[in-house]
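Trainee: mind looking at a prediction? Sequence and model below.
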Amino acid sequence: MNNKLDQQAADNIRALAVAMVEKANSGHPGGPMGGADFMHVLYSEFFNFDPTDMAWPFRDRFFMDAGHLSTLMYAQYYLLGNYEKNDVANFRQWGSITPGHPEADVKRGIENTSGPLGQGHTMGIGAAIAAKFLAARFGNWMNHKIYGFISDGGVQEEISQGAGRIAGHLGLNNFIMFYDSNDIQLSTSTDEVTSENTAMKYEAWGWKVISIDGHNHDEIRKALTQANNETERPTLIIGKTIMGKGCVTADGSIYEGHCELHGQPIGHTGADYTKTLLNLGADPENPFDIYEDVGAFYKDLLKQKVAQAAEKKAKINAWKKENQELSNKLDKFLSGELPVLDFESIEHKSGIASRAASADVLAYLAENVENMIVSSADLSNSDKTDGFLKKTHALKKGDFSGSFLQAGVAELTMACIANGLALHGGIIPVVATFFVFSDYMKPAIRLSGIQELAVKYVWSHDAFRVGEDGPTHQPIEQEAQIRLLEKLKNHSGKPSFLALRPADSAETSVAWKMALENKNTPTGLILSRQNIKDIPAMGTSRYQEALAAEKGGYLVKEVENPDVVLIANGSEVATLVAAAEILESENGLKVNIASVISEGLFKLQSKAYQDSIIPKNKPLFGLTAGLPVNLEGLVGEKGKVFGLDHFGYSAPANVLDDKFGFTGEKVSKQVLEYLKTV
């Protein structure tokens, strides 16, 4: 080790962070200046990766929680050759690859999108679970580490409780997190908002906790060595750091530890930009230069990293030759390739709830998809993910041979962990809870969409028919919120989410098929609590007809030249079938019924196909158990949607159906009233 060189490298990171924020006139310089020492020591001495193969599956991974410290990452990865000078100089600018908060970019070392505090380190815990899961099946030769970096704000976010509890409970000794404890946050010092003992809190959750001077390189080395040798627990390294480490005023006086250094260019504070750069050893005329000695050091370091990775790759290749069958399976896991699945073979009892049909599918998947991890927020016997659990067992400390994660009552934590499982690779993550509690998960759902992660969300108890539980448990507006994500495009220009609300058991099987085959965006399955009458088959196979749901919408009942087309999804389709029987037998009307499981997917089909299902020259009537806006985009201005504009009430489901007008008889009357107006 070279103490002088190490200090130069850390100061180079600080200077780069300061310069990026100053040039952009936007950003957070103080935190990166405090965390620079840890980053340099971590990446130069402990972090295992291949600079020539950044997506190498068995690399160590770094998960940033404090996304506002993006310049800390960009500066470090610039030294590692992942960014060019122009990239860091164009921080936060249009078209640059250095956005204000880090966005997943594995080839440059950015493992996760972060910014909403608390989610980043929780995704890291998900990645650590994925690593344990795979090691249990293929061997501890993988033994890569997951590193997290958290700030005071991330520790304060409520999600840290769920993340800390689960990581400690599972004994994730492969997860090491640095807590940049500088006692300063954006608008206050931390002592104005908290007086808790963070070390004791994490120790109570079962973590190893090491407290150090976050600017002392020897203490950082010792802590990282201890953390890497830990065999039973995740490790939290609490590094006491100084906000704006290295800042000085115009007269050269130290100006560190001030709140104002957190979230604005230091030139807007009591510190002096030019004098600070000089204090850090930088050239104010060329602030984005890498120091000569630091550049030479990192050039040699990269050669060492390549050589170390080559040694490990040679050992892995030897294992693969000796274990060809396991190796092939691992390759399939990592590629995302699905086994051959026969969804039509899955048997369902007649007239069951779609959550029960989902349980049948999950039982089949438990026996046929070996790299699926299913999790439930203490509801497995109610959201029916126990169909999967009954075929496997829960993950637990020292035993990751199972495939079910008991998350406890922590919906947001669970969803963030799923994002981490997906980011790690090799795992198909599934998370489940009641649909009304998708509200608790929304921040993670949004990051699933932004990062284009194939997480499968299972939401049961999908409507007011939850009944006696009353308005707190009856989703009314949730479907409208989730379907908005189908209208929101990701950076690949595609819908950021696929929302599927199946009409019966056959459609539920197809919905699961669609979910598993959707590998580029998150999918939500919205399932009923109550039993649903099966949709009658027009031909010989209801399942084969339900496969048309793969186009987002199709006709479950079709006649030539209909008088009206009825439109719904989920359990309301069966209600329309009952209404159509009355309209045809008692009123002599000809009726088509469209089941639109996903409006977003349906709108991607050709105009000719859309018009064949929902012709604009026919009266169109929609039925939804949620807000009318769910179907207004399908029926158009001339159509009518019957839905709810109020919260639910506590009563048996059949009573609510009658009171709210969701029976075949009452819907048929609504249709007749509508037809009088067209």
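Mentor: Good, I have the coordinates.

Trainee: switch to C-alpha atoms for all contacts and neighbour counts from now on
Mentor: Fine.

Trainee: low-confidence ranges in the stretch 151-300 of the chain?
Mentor: Applying pLDDT under 70 to the stretch 151-300 of the chain picks out no residues at all.

Trainee: same deal with the chain?
Mentor: Within the chain, no range satisfies pLDDT under 70.

Trainee: what's the single longest helix in it?
Mentor: Longest helix in the chain, counting residues (DSSP state H): helix 292-322.

Trainee: so what does the following helix or strand past that helix touch, helix or strand wise?
Mentor: As assigned by DSSP states H and E, the chain's next helix or strand after helix 292-322 is helix 324-335. Judged by 3 or more C-alpha pairs under 8 Å, 6 or more residues apart in numbering; DSSP states H and E, helix 324-335 is in contact with helix 292-322.

Trainee: could you rerun that using 6 Å?
Mentor: Contact here means 3 or more C-alpha pairs under 6 Å, 6 or more residues apart in numbering; DSSP states H and E; on that basis helix 324-335 packs against no helix or strand.

Trainee: return the set of buried residues in the next helix or strand after that helix.
Mentor: Using DSSP H and E, the helix or strand that follows helix 324-335 in sequence is helix 354-368. Of the residues in helix 354-368, 354-366 count as buried by neighbour count, 16 or more other C-alpha atoms under 10 Å.

Trainee: let's have the residues you listed in JSON lines, adding distance to Lys494.
Mentor: Converted to JSON lines, the buried residues of helix 354-368 look like this (distance: C-alpha to C-alpha, whole Å):
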{"residue": "Ser354", "distance to Lys494": "28"}
{"residue": "Arg355", "distance to Lys494": "28"}
{"residue": "Ala356", "distance to Lys494": "31"}
{"residue": "Ala357", "distance to Lys494": "29"}
{"residue": "Ser358", "distance to Lys494": "27"}
{"residue": "Ala359", "distance to Lys494": "30"}
{"residue": "Asp360", "distance to Lys494": "31"}
{"residue": "Val361", "distance to Lys494": "28"}
{"residue": "Leu362", "distance to Lys494": "28"}
{"residue": "Ala363", "distance to Lys494": "31"}
{"residue": "Tyr364", "distance to Lys494": "30"}
{"residue": "Leu365", "distance to Lys494": "28"}
{"residue": "Ala366", "distance to Lys494": "30"}
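
Trainee: hmm, back to that, how far is the longest helix of the chain from where the chain is centred?
Mentor: 31 Å (C-alpha atoms, centre = their mean, to the nearest Å).

Trainee: now do it and helix 324-335, the angle between them.
Mentor: 130 degrees (axes from the mean of the first three to the mean of the last three C-alpha atoms, to 10 degrees).

Trainee: greatest separation within the buried residues of helix 354-368: which pair is it?
Mentor: Ser354 and Ala366 (18.0 Å; C-alpha to C-alpha).

Trainee: how about the nearest residue to Thr519, chain neighbours excluded?
Mentor: For the record, residue 519 is Lys, not Thr. Once flanking residues are discounted, Lys519 sits nearest to Ala454: 5.1 Å by C-alpha to C-alpha, 6 or more residues apart in numbering.

Trainee: relative to Gly470, how far out is the one you found?
Mentor: As for Ala454, its distance to Gly470 is 33 Å (criterion: C-alpha to C-alpha, to the nearest Å).

Trainee: likewise for Ala579?
Mentor: Separation of Ala579 from Gly470 (C-alpha to C-alpha): 27 Å.

Trainee: quick one: which of those two has more around it?
Mentor: Taking other C-alpha atoms under 10 Å, Ala579 and Gly470 do not tie; Ala579 has more neighbours (23 against 17).

Trainee: how close does the more buried one get to Val573?
Mentor: Ala579 is 10 Å from Val573, by C-alpha to C-alpha.

Trainee: and Asn86, by the same measure?
Mentor: Computed as C-alpha to C-alpha, the Asn86 to Val573 distance reads 56 Å.

Trainee: quick one: which of those two has more around it?
Mentor: Val573 (28 against 12).

Trainee: that one - nearest residue in space that isn't next to it in sequence?
Mentor: Ala503 (5.9 Å).

Trainee: and what of Arg137?
Mentor: The shortest distance from Arg137 to any non-neighbouring residue, by C-alpha to C-alpha, 6+ apart, is to Ser401 (7.0 Å).

Trainee: same thing with Leu334?
Mentor: Spatial nearest neighbour of Leu334, excluding adjacent residues (C-alpha to C-alpha, 6+ apart): Gly426 at 4.1 Å.

Trainee: what packs against the one helix or strand Ala422 maps to?
Mentor: Per DSSP H and E: Ala422 is located in helix 411-424. Secondary-structure packing of helix 411-424 (3+ C-alpha pairs under 6 Å, 6+ apart): helix 119-138, helix 438-451.

Trainee: could you redo the last one with a cut-off of 10 Å?
Mentor: Using 3 or more C-alpha pairs under 10 Å, 6 or more residues apart in numbering; DSSP states H and E, the elements in contact with helix 411-424 are helix 119-138, helix 159-170, strand 372-376, strand 428-434, helix 438-451, strand 456-460.

Trainee: chain center to that helix, what's the gap?
Mentor: Relative to the chain's own centre, helix 411-424 is displaced by 5 Å; criterion: C-alpha atoms, centre = their mean.

Trainee: angle of that helix against helix 159-170?
Mentor: Relative orientation of helix 411-424 versus helix 159-170 (the same axes, to 10 degrees): 70 degrees.

Trainee: please render the helices and strands packed on helix 411-424 as a markdown table that adds distance to Asp383 to the earlier fields.
Mentor: Output for the helices and strands packed on helix 411-424, formatted as a markdown table (distance: least, C-alpha to C-alpha, whole Å):
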| stretch | distance to Asp383 |
| --- | --- |
| helix 119-138 | 22 |
| helix 159-170 | 20 |
| strand 372-376 | 8 |
| strand 428-434 | 6 |
| helix 438-451 | 13 |
| strand 456-460 | 5 |
